[in-house]
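Peer 1: this is a predicted model, with the sequence first.
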Number of protein chains: 2
Amino acid sequence: MKIGILGYGNLGKGVESAIRQNDDMELVCIFTRRDPASVHPVTEGVSVYPVDEIEKMKDQIDVLVLCGGSATDLPKQTPEYVKYFNVIDSFDTHARIPEHFANVDKVAKENGHVAMISCGWDPGMFSIMRLYGSAVLPEGQDYTFWGKGVSQGHSDAIRRVKGVKNGKQYTIPIDEALDAVRNGENPELTTRQKHVRECFVVAEEGADLAQIENDIKTMPNYFADYDTTVHFISEEEFLANHAGIPHGGFVFRTGVTGFDKEHKHVIEYSLKLDSNPEFTASVILAFARAINRLSEEGVSGCKTVFDIAPAYLSPLSGEELRAHML
Amino acid sequence: MKIGILGYGNLGKGVESAIRQNDDMELVCIFTRRDPASVHPVTEGVSVYPVDEIEKMKDQIDVLVLCGGSATDLPKQTPEYVKYFNVIDSFDTHARIPEHFANVDKVAKENGHVAMISCGWDPGMFSIMRLYGSAVLPEGQDYTFWGKGVSQGHSDAIRRVKGVKNGKQYTIPIDEALDAVRNGENPELTTRQKHVRECFVVAEEGADLAQIENDIKTMPNYFADYDTTVHFISEEEFLANHAGIPHGGFVFRTGVTGFDKEHKHVIEYSLKLDSNPEFTASVILAFARAINRLSEEGVSGCKTVFDIAPAYLSPLSGEELRAHML
């Protein structure tokens, strides 16, 4: 499988490194909106092209991995580049998925390509777990918790506060809430009861720390509905201890069975990830394999993780899977 | 969807009760090898037929759920009844899956039906988790733990010991082993380090308890390779506290990513089930829905859980799934 990458940020680099862990995949080239001379792939022999030359590679790539952002990049890029390639993206604006799906599906079908949108861990693996859970326990409740991990959006919000030089925000699920769900208590949980937000802030010299803390804690949408703690730390400590991008979370389905609904069941799926972008990239590549297979079978159109039989993700044959993994 | 059940033991009853939780399903009839007059379904208006009249119902049922045992029933029943019906079974003799698959696939294709074998939680949901895990983290390790739960095979083995009136065996995963895996330590675990076996025994009057305990603990294959504890209890206590059939377990995939493999990831899936047969039945019905859809699409042959796209399990449409669950 020949893979192309569009966008060489954290996710693009994650895809590059994950390709080296999949023997049936090869990185052909990277497309960038920056000056190609400024992009230095780790993998030897990989070309870097300006994105406006992307069309010339249309017969050289089996699946193009789109590594842009969901706010402005992907709504344009995915429908645009599915004209030339099978594509996969990690579009994660949940509310706009139906619209994005429709846009991509139309162009994919017109051009005989396969696209997958919203692939990663949430949306992605977590979505799959929500679906399996609700299908298997139709009378039950869903719970999704995120963290402990870095929220990029909340970290950005902190850095926009006056007097803040640098900042990082960790979303942390509350143990009592997790335990109540695990024990089958079916709790009704408010936003505040599910997660806390912990912020590490490097303040500018002479900044009003009390004001910064207040501005963060009262920020609507981002922090006001949560119990938030703010730690002021030095630039050195920030760089030493908060350089990583860990994340993770939990998906639960709890439900009942039996003629009298007398039996409880708890399904729990959790991820503990040292690197959010690298794990996302690893999920994307497994689904890229599926996309390529569907394309070889003559399928076209937009797909999501819901539409892919698990066997399509593995390099092993059906026989091998049945013999060793079933 | 019209469902038929063959075999009205714990699993068959679980299927009957789970059908009542799925609005798109209806129980048509139960087939039995016993005298039909001795079988009393809970659901009103459900007919009970002797199994040798099964063929006459061939146009009345969308999916027949086979609730027999893996040792002798299913190897015969599944290839036999796929002549007349779409069928699903929970065949769980892992080593014989390839042979069973081949037998069922041949007859299913000859007769234009869809079959699914080895559906439940292990094989079944756990198999799916092993597959997703290995596809998403190609450089990593798998761990499966079972319990805490009742092992039918080990309970049967206890009851065959001289002087034992009744007995039940719980398989229990060892916390230290679970924690080592969860912490990403990639431990190499022996059989003894993964699970302990706890037995509750009602002895016959005047039986030699020390001999019973020794016979159990030294039993090859079943107990000799484990740390086993034996508790002697009264018949009353046995009936009061050990009537249930709980089970569960854990599937882990741990792996690394990054150019220097510097980032660890832990995927954990766990089940905590009050009723093993009722949960198994619930999984079977979700996949029965998928089997019925494939049949309506003109597919034939034998499938496993690996071959089914998650969307096929849900009564919701693709649009609804994308809007609410992705």
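Peer 2: Noted; the coordinates are in hand.
Peer 1: distance of the most centrally placed residue in chain A relative to residue A:10?
Peer 2: For chain A, residue A:120 is the residue whose C-alpha lies nearest the centre (Cα atoms, centre = their mean; 4.0 Å). With distances taken as Cβ to Cβ, to the nearest Å, residue A:120 is found 12 Å from residue A:10. To be clear about C-beta, it is placed using only N, CA and C from the backbone, and glycine gets the same treatment.
Peer 1: what does residue A:270 give?
Peer 2: According to Cβ to Cβ, residue A:270 and residue A:10 sit 23 Å apart.
Peer 1: for the record, mean pLDDT for stretch A:54-61?
Peer 2: Stretch A:54-61 shows a mean pLDDT of 96.
Peer 1: roughly how far is that stretch from the heart of the chain?
Peer 2: 26 Å (Cα atoms, centre = their mean, to the nearest Å).
Peer 1: likewise stretch A:185-205?
Peer 2: Averaging C-alpha coordinates over stretch A:185-205 and over its chain gives two centres that are 20 Å apart (Cα atoms, centre = their mean).
Peer 1: does any bit of it sit next to chain B?
Peer 2: No. Judged by Cβ under 8 Å from any Cβ of the partner chain, stretch A:185-205 stays clear of chain B, getting no closer than 12.9 Å.
Peer 1: output that stretch as PDB, nothing but the C-alphas.
Peer 2: This file holds the C-alpha atoms of stretch A:185-205, laid out as PDB (Å, rounded to 0.1, in the frame of the first residue of the first chain):
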ATOM      1  CA  GLU A 185     -25.400   2.300  39.700                       C
ATOM      2  CA  ASN A 186     -26.500   4.000  36.500                       C
ATOM      3  CA  PRO A 187     -25.700   7.500  38.000                       C
ATOM      4  CA  GLU A 188     -27.100  10.700  36.400                       C
ATOM      5  CA  LEU A 189     -23.900  12.800  36.100                       C
ATOM      6  CA  THR A 190     -23.600  16.500  35.600                       C
ATOM      7  CA  THR A 191     -20.800  18.000  33.600                       C
ATOM      8  CA  ARG A 192     -19.100  18.900  36.900                       C
ATOM      9  CA  GLN A 193     -19.400  15.400  38.300                       C
ATOM     10  CA  LYS A 194     -17.700  13.700  35.400                       C
ATOM     11  CA  HIS A 195     -14.500  15.600  34.800                       C
ATOM     12  CA  VAL A 196     -12.200  18.100  36.500                       C
ATOM     13  CA  ARG A 197      -9.800  20.500  34.600                       C
ATOM     14  CA  GLU A 198      -6.300  21.000  35.700                       C
ATOM     15  CA  CYS A 199      -4.300  23.900  34.200                       C
ATOM     16  CA  PHE A 200      -0.500  24.500  34.300                       C
ATOM     17  CA  VAL A 201       0.300  28.100  33.500                       C
ATOM     18  CA  VAL A 202       3.500  30.000  32.800                       C
ATOM     19  CA  ALA A 203       2.700  33.700  33.500                       C
ATOM     20  CA  GLU A 204       4.400  36.600  32.000                       C
ATOM     21  CA  GLU A 205       6.600  38.600  34.300                       C
END
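Peer 1: about what we covered before: more crowded one of residue A:270 and residue A:10?
Peer 2: Ranked by neighbour count (other Cβ atoms under 10 Å in any protein chain shown), residue A:270 and residue A:10 place residue A:270 first, with 21 against 17.
Peer 1: point me to the helix or strand that includes the more buried one.
Peer 2: strand A:263-273 (DSSP states H and E).
Peer 1: strand partners (parallel or antiparallel) of the helix or strand where residue A:165 lies?
Peer 2: Using DSSP H and E, residue A:165 sits within strand A:164-173. Strand A:164-173 pairs in its sheet with strand A:149-150 (antiparallel), strand A:195-203 (antiparallel), by DSSP bridges.
Peer 1: report the buried residues of the helix or strand that it is followed by.
Peer 2: Using DSSP H and E, the helix or strand that follows strand A:164-173 in sequence is helix A:175-182. Residues of helix A:175-182 classed as buried by neighbour count (16 or more other Cβ atoms under 10 Å in any protein chain shown): A:177-178, A:180-182.
Peer 1: helices and strands around helix A:175-182, which ones?
Peer 2: Applying 3 or more Cβ pairs under 8 Å, 6 or more residues apart in numbering or on different chains; DSSP states H and E, one finds that helix A:175-182 contacts strand A:140-146, helix A:191-194, strand A:247-257, strand A:263-273.
Peer 1: dump the C-alpha coordinates for the helix or strand following the strand holding residue A:270 into PDB.
Peer 2: Proceeding N to C from strand A:263-273, the next assigned helix or strand is helix A:276-296, under DSSP H and E. As requested, the backbone C-alpha atoms of helix A:276-296 are provided in PDB (Å, rounded to 0.1, in the frame of the first residue of the first chain):
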ATOM      1  CA  ASN A 276      -2.600  11.100  21.300                       C
ATOM      2  CA  PRO A 277      -1.500  11.900  17.700                       C
ATOM      3  CA  GLU A 278       0.600   8.800  17.300                       C
ATOM      4  CA  PHE A 279      -2.300   6.500  18.500                       C
ATOM      5  CA  THR A 280      -4.700   8.400  16.300                       C
ATOM      6  CA  ALA A 281      -2.300   7.900  13.400                       C
ATOM      7  CA  SER A 282      -2.100   4.100  14.200                       C
ATOM      8  CA  VAL A 283      -5.900   3.800  14.100                       C
ATOM      9  CA  ILE A 284      -6.000   5.700  10.800                       C
ATOM     10  CA  LEU A 285      -3.500   3.400   9.100                       C
ATOM     11  CA  ALA A 286      -5.500   0.300  10.100                       C
ATOM     12  CA  PHE A 287      -8.600   1.800   8.500                       C
ATOM     13  CA  ALA A 288      -6.500   3.000   5.500                       C
ATOM     14  CA  ARG A 289      -5.800  -0.700   4.900                       C
ATOM     15  CA  ALA A 290      -9.600  -1.300   4.900                       C
ATOM     16  CA  ILE A 291     -10.200   1.600   2.500                       C
ATOM     17  CA  ASN A 292      -7.700   0.300   0.100                       C
ATOM     18  CA  ARG A 293      -9.300  -3.100   0.100                       C
ATOM     19  CA  LEU A 294     -12.700  -1.700  -0.500                       C
ATOM     20  CA  SER A 295     -11.400   0.300  -3.400                       C
ATOM     21  CA  GLU A 296      -9.800  -2.800  -4.900                       C
END
